[in-house]
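**Q** Curious how this folds, go ahead:
(2 chains)
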Amino acid sequence: MAPLKSGSRLEHVLRSGRFAVTAELNPPDSADPQSVYERALVLSEVCDAINATDASGANVHMSSVGVCALLTRAGYEPVMQVSCRDRNRIAIQGDLLGAAAMGVRNVLCITGDGVQAGDQPDAKPVFDLDSVTLLRTARLLGEEGRFLSGRQLDVPPRFFLGAADNPFAPPFEFRPLRLAKKVEAGADFIQTQYCFDVPRLAEYLRAVRDLGLHERVFILVGVGPLRSARAAEWIRTHVPGVVIPDAIIRRLAGVPAARQQEEGKDICVEIVRQVRELEGVSGVHVMAFRQEQLVARIIEEAGLLPRQPQKR
Amino acid sequence: MLDRPARRAHAGARLQLLRGLQDPPRLLEAAYDVTAAALRRVRRLLVPGSGAARFVAWTERVGKGAIFDCRMCGQCVLHATGMTCPMTCPKQLRNGPCGGVRADGHCEVHPERCCVWVQAWDRSRRMRACGEDVRQILPPLNHSLHDTSAWVNDLHRQELLAPRAWPR
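**A** All right, here's what the predicted structure looks like:
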């Protein structure tokens, strides 16, 4: 096994060749730490790391840096999402140092949704860095111990760096090359957008393997349960980048409304089982927006339990 | 600042015609190389801040504005972006498309418009010499160069085109 670069437990799981499971925690609209711990509790028993989103969908919630500080304090293993939408390079580099000081080892570098997607579309979009330059900046801090300006750090942070990818959005031929850029810039692992189209993912992975990227980066495929046919229809028309094939919506619509949530969970379990068989997939990333109680059942029914306890 | 719908409304049909010039990217690539060679010859005259440099900036504003909807970032990277201005992307992404591109290839932020990077990728496939530059990692923008001449900066201010610690 290659030596660990960060002391991250997620890195340990991935490098030891085990199939990793991460899950998304939706930060609360609350100043009470208990609301973070309640959400973490249902996830921590069944996954290797918990993603703290950074105002996803451009809706403000408790900050990812705040959530991660609470999680590390309680011994959990967070993945801190950092979006380029709201902060410039000065703020982001400072947050990275602060997070590292609080014990955050995993950082997911993303561009971020446009401000128009959220509840405050009148906000100023920043995008001073992009996901690729953010990755390289984080690596610069960790590996060279320097800020972008060249100024030296006293003690550099140690990060296991992640990036996002969306194999389901055009331009399809460019996606694997963009992934190559992210790997070149410093990505150690990838978490993808929701996968509802396994053949499309398989095609993407073929191109990724042709570039040899599956040997340089751990790919965790994004999955999640759809609550109902109506919710699925809403997501695919309102959430850019999420592609849900007609067949999935028809299947959901084909069962009584009261059973659709269960059917959505079953579809998710099937997708996890399918993607697990694909060469180049190192794990899954479960995103169950407002259905956190389903995460444990999905992971259990997909045959991914038991997992090592996350709490130190 | 990011988006200038008002300016675009004034652009009118005449400019739309010039925008069409982006579609044969090989032509632009050739024109670009010719201009670069010509300016390199008069390099010594184009001192940053001089009248000559301001004149070049003015021609860029007018010429590249008409063809590329140029936003005068002062660090032109058209070769690495399929001869498509990345500053016209609402997120000003210089290293490729975000994950929000719609199934029809349209923009997450402006659903009525085609994604800048879908166009950039497509055009890069039709470039003669520099099409593969689209794989390069571009550094973050230097915002202090806004409204200055990209040509002059390329000739005289290379050290300002990436942060000091950026790998070169």
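
**Q** Would you map the strands across chain A?
**A** Secondary structure of chain A (DSSP state E): strands at A:20-25, A:49-52, A:78-83, A:106-110, A:160-165, A:189-194, A:218-223, A:283-286.

**Q** which non-adjacent residue is nearest B:V56?
**A** Leaving aside its sequence neighbours, B:V56 sits nearest to B:S149 (C-beta to C-beta, 6 or more residues apart in numbering or on different chains; 4.5 Å). Where you see a C-beta, it was placed from the backbone N, CA and C, and this is true even at glycine.

**Q** Go ahead and confirm that neighbour touches B:C76.
**A** No. At 9.3 Å, B:S149 does not count as touching B:C76 under the criterion of C-beta atoms under 8 Å.

**Q** how much space between the residue nearest to B:C98 when sequence neighbours are not counted and A:A58?
**A** Distance criterion C-beta to C-beta, 6+ apart; nearest residue to B:C98, sequence neighbours excluded, is A:T111 at 4.6 Å. Going from A:T111 to A:A58 by C-beta to C-beta, to the nearest Å gives 12 Å.

**Q** so what sits against both of the two?
**A** A:R85 (C-beta atoms under 8 Å, 6 or more residues apart in numbering or on different chains).

**Q** So these two - more neighbours on which side?
**A** It is A:T111, of A:T111 and A:A58, that has more neighbours when counted by other C-beta atoms under 10 Å in any protein chain shown, with 24 against 20.

**Q** Pull the contacting residues for the more buried one.
**A** A:S83, A:C84, A:R85, A:F127, A:D130, A:S131, A:A164, B:K91, B:L93, B:C98, B:G99.

**Q** do the same with A:F218
**A** Contact analysis of A:F218 by C-beta under 8 Å, 6+ apart lists A:L14, A:A20, A:D188, A:F189, A:I190, A:S282, A:G283.

**Q** 6 Å - rerun?
**A** A:L14, A:F189, A:S282 (C-beta atoms under 6 Å, 6 or more residues apart in numbering or on different chains).

**Q** Identify the contacts common to B:S149 and B:C76.
**A** Overlap of the contact sets of B:S149 and B:C76 (by C-beta under 6 Å, 6+ apart) is empty.

**Q** what sits against the residue in the stretch 201-312 of chain A that chain B sits nearest to?
**A** Relative to chain B, the nearest point of the stretch 201-312 of chain A is A:P240 (3.9 Å; C-beta to the nearest C-beta). Residues in contact with A:P240, defined by C-beta under 6 Å, 6+ apart, are B:G100, B:R102, B:E108.

**Q** near chain B, which residues of the stretch 51-200 of chain A?
**A** Within the stretch 51-200 of chain A, the positions lying close to chain B (C-beta under 6 Å from any C-beta of the partner chain) are A:111, A:114, A:116, A:125, A:127, A:129-130, A:132-133, A:140, A:146, A:148-150, A:166, A:169-171, A:174, A:177-178, A:181, A:185, A:193.

**Q** can you give me the helices in chain B?
**A** Secondary structure of chain B by DSSP state H: the helices cover B:5-19, B:25-41, B:51-68, B:116-124, B:150-156.

**Q** quick one, what contacts A:D86?
**A** Neighbouring residues of A:D86 by C-beta under 6 Å, 6+ apart: A:V126.

**Q** what are the phi and psi angles of it?
**A** In terms of degrees, to the nearest 10, the main-chain angles of A:D86 are phi -110, psi -10.

**Q** Please check the residues of the stretch 51-200 of chain A next to chain B and keep the buried ones.
**A** When neighbours are counted using 16 or more other C-beta atoms under 10 Å in any protein chain shown, those contain these buried positions: A:111, A:114, A:116, A:125, A:127, A:129-130, A:132-133, A:140, A:146, A:148, A:166, A:169-171, A:174, A:177-178, A:181, A:185, A:193.

**Q** Narrow those to those in helices?
**A** Mapping those onto helices (DSSP H) picks out A:V132, A:T133, A:L177, A:R178, A:K181, A:A185.
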